[in-house]
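Chemist: Sequence and predicted structure are below.
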Amino acid sequence: MLETSPATLNDVTQRLVEQLRNHPKRVVFTEGEDIRVIKVAARFVALEAVSPILLGNSQRIKALAAEHNIPMNFIRVIDPKTSSDLPLFLKRALNMARYRDNPQLVNEETITRPHCFGAMMVQYGHADAIVGGNQAIPAYYFRSLLQNIKPNNKDARIFGVTMLVAPHFPLLGDRPLFLADTGLIPHPDVSQLSNIAIETGKLALHFLGRTPQIAMLSHSTKGSSNTQEAQKIAAATALAQNQVLEELLDLHIDGELQADVAIDPVAAETKLPDAVSRLGADVLVFPNLDAAHISVKLLQHLAGAQNYGQLILGLSRPAAQVPRTASIETLFGTTAAVAVEAIKYHQLHPDSDF
């Protein structure tokens, strides 16, 4: 039997679903021929929280649902190859390609690829958010997003944010922890680290409803090590703090900090004896992709933390990527998170034409 009752939700996903029940959003799943996606779509319909759109072969999707006794009521299925929107999307893609001087790369075959088609649905308002990657190599999915969804601004670099939930972790309780960048920029420079901190902080602010505590992580705490890497984190922290002051952002950013100082107030009191009482971090900004990705996998597989995401920031539309190994719970929570992001998108990006 499909789990649909609120009792099956944790504190974080319960809050997300409650928001979505008041503001349901259309989420397109690029790889709809996946029993995990079908189960998640049916669960959201039962909860009256999301209007799911599944891309793929309609007959195969419906047969897979029937095989597992999953109702398809109110789940929209679109085959890009036969969609009535295909001529419009092809025309728009060609116009975009001419602007980029590569029209030869655009044809009907490329546009009907689910990742491209789904990205265009979101870009042109046919859906509010996109979720993909459950059956695809990440690079291919990301490339489709970059080619078909406008960036926030011409200088933006997209990056990934993973949300962790671990109610059995005493330092977290019922609140989520946001980790960035967990998927895209291998070696971020000072400016990129500052941008990651600011944009992830804005996202956390809207999820938490209060000032998020953002920690810029390092092997060093406040100059305890004078390595070039530690200095880079300190410089990125200063740059981000200046932006917070200039733009009057409701964010609190500190660094460079070791991980224990960032998340454990007791450790902070020991290593920063002159500091005022600190709150544990809500956002962890990692010095590089290796550190972030390894941390997520260790917390998930050894410590039992539940991961949602990654949410892709830097685009003008809400998007999320899940791994091919994603559990149904990961897919469900990621979808709920990116749909809630769509609710808040005007506030997150007031200059967007969304």
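Modeler: Structure's in. What do you need?

Chemist: going forward, measure contacts and count neighbours with C-alpha atoms only.
Modeler: Noted.

Chemist: so who does the spatially most central residue of the chain touch?
Modeler: By CA atoms, centre = their mean, the chain has its centre lying nearest to residue 311, at 0.7 Å. Neighbour list for residue 311: 160-162, 318-321, 334, 338 [criterion: CA atoms under 8 Å, 6 or more residues apart in numbering].

Chemist: Highest neighbour count among these?
Modeler: Neighbour counts for those, by other CA atoms under 10 Å, peak at residue 319, which reaches 32 neighbours.

Chemist: Now do the SS call for the closest residue to that one other than its chain neighbours.
Modeler: Nearest non-adjacent residue to residue 319, counting by CA to CA, 6 or more residues apart in numbering: residue 130, 4.8 Å away. Secondary structure of residue 130, reduced to three states by DSSP: H, G, I helix; E, B strand; the rest coil: strand.

Chemist: Is residue 130 in contact with residue 30, as I believe?
Modeler: Yes - using CA atoms under 8 Å, residue 130 makes contact with residue 30 at a distance of 7.4 Å.

Chemist: Which neighbours do these two have in common?
Modeler: Both residue 130 and residue 30 are contacted by residue 118, under the criterion CA under 8 Å, 6+ apart.

Chemist: domain parsing for the chain?
Modeler: Domains of the chain are assigned by automatic domain parsing as 6-154+316-348, 159-301.

Chemist: what's the average pLDDT for the first one?
Modeler: Within the predicted structure, the mean pLDDT of domain 6-154+316-348 is 90.

Chemist: Return the distance of it from the chain's centre.
Modeler: Put simply, domain 6-154+316-348 sits 13 Å off its chain's centre (CA atoms, centre = their mean, to the nearest Å).

Chemist: cool, and the last one?
Modeler: Relative to the chain's own centre, domain 159-301 is displaced by 16 Å; criterion: CA atoms, centre = their mean.

Chemist: Can you give me the end-to-end span of that domain?
Modeler: Terminal residues of domain 159-301 lie 23 Å apart, using CA to CA, to the nearest Å.

Chemist: circling back: what strand or helix carries the residue nearest to the centre of the chain?
Modeler: Assigned by DSSP states H and E, residue 311 belongs to strand 306-313.

Chemist: now residue 52
Modeler: Using DSSP H and E, residue 52 falls in strand 50-55.

Chemist: before we move on, back to that, quickly note the distance from the residue nearest to the centre of the chain to residue 331.
Modeler: To residue 331, residue 311 is 12 Å away according to CA to CA.

Chemist: what's the overlap in contacts for these two?
Modeler: Shared contacts of residue 311 and residue 331 (CA under 8 Å, 6+ apart): none.

Chemist: buried set for stretch 197-205?
Modeler: Residues of stretch 197-205 classed as buried: 197-205 (neighbour count, 16 or more other CA atoms under 10 Å).

Chemist: sorry, back to before: quick check: beta-bridge partners of the residue nearest to the centre of the chain?
Modeler: On the basis of DSSP bridges, residue 311 is bridged to residue 161, residue 320.

Chemist: Can you check the pLDDT for it?
Modeler: So, for residue 311, pLDDT stands at 97.

Chemist: heads up, I number from 712, so please use that
Modeler: Sure thing, new numbering starts at 712, so read that last one as residue 1022.

Chemist: Kindly provide the distance from it to residue 927.
Modeler: 19 Å.

Chemist: What of residue 779?
Modeler: On the measure of CA to CA, residue 779 and residue 927 end up 46 Å apart.

Chemist: ditto for residue 898
Modeler: For residue 898 relative to residue 927 (CA to CA), the value is 14 Å.

Chemist: ok, these two, which is more surrounded?
Modeler: Higher neighbour count among residue 898 and residue 927: residue 927, with 29 against 13, using other CA under 10 Å.

Chemist: The more buried one contacts residue 972, correct?
Modeler: No - contact criterion CA under 8 Å: residue 927 and residue 972 do not qualify, at 10.7 Å.

Chemist: Residue 1015 touches residue 877, doesn't it?
Modeler: Yes - Residue 1015 is within contact range of residue 877, at 7.4 Å (criterion: CA under 8 Å).
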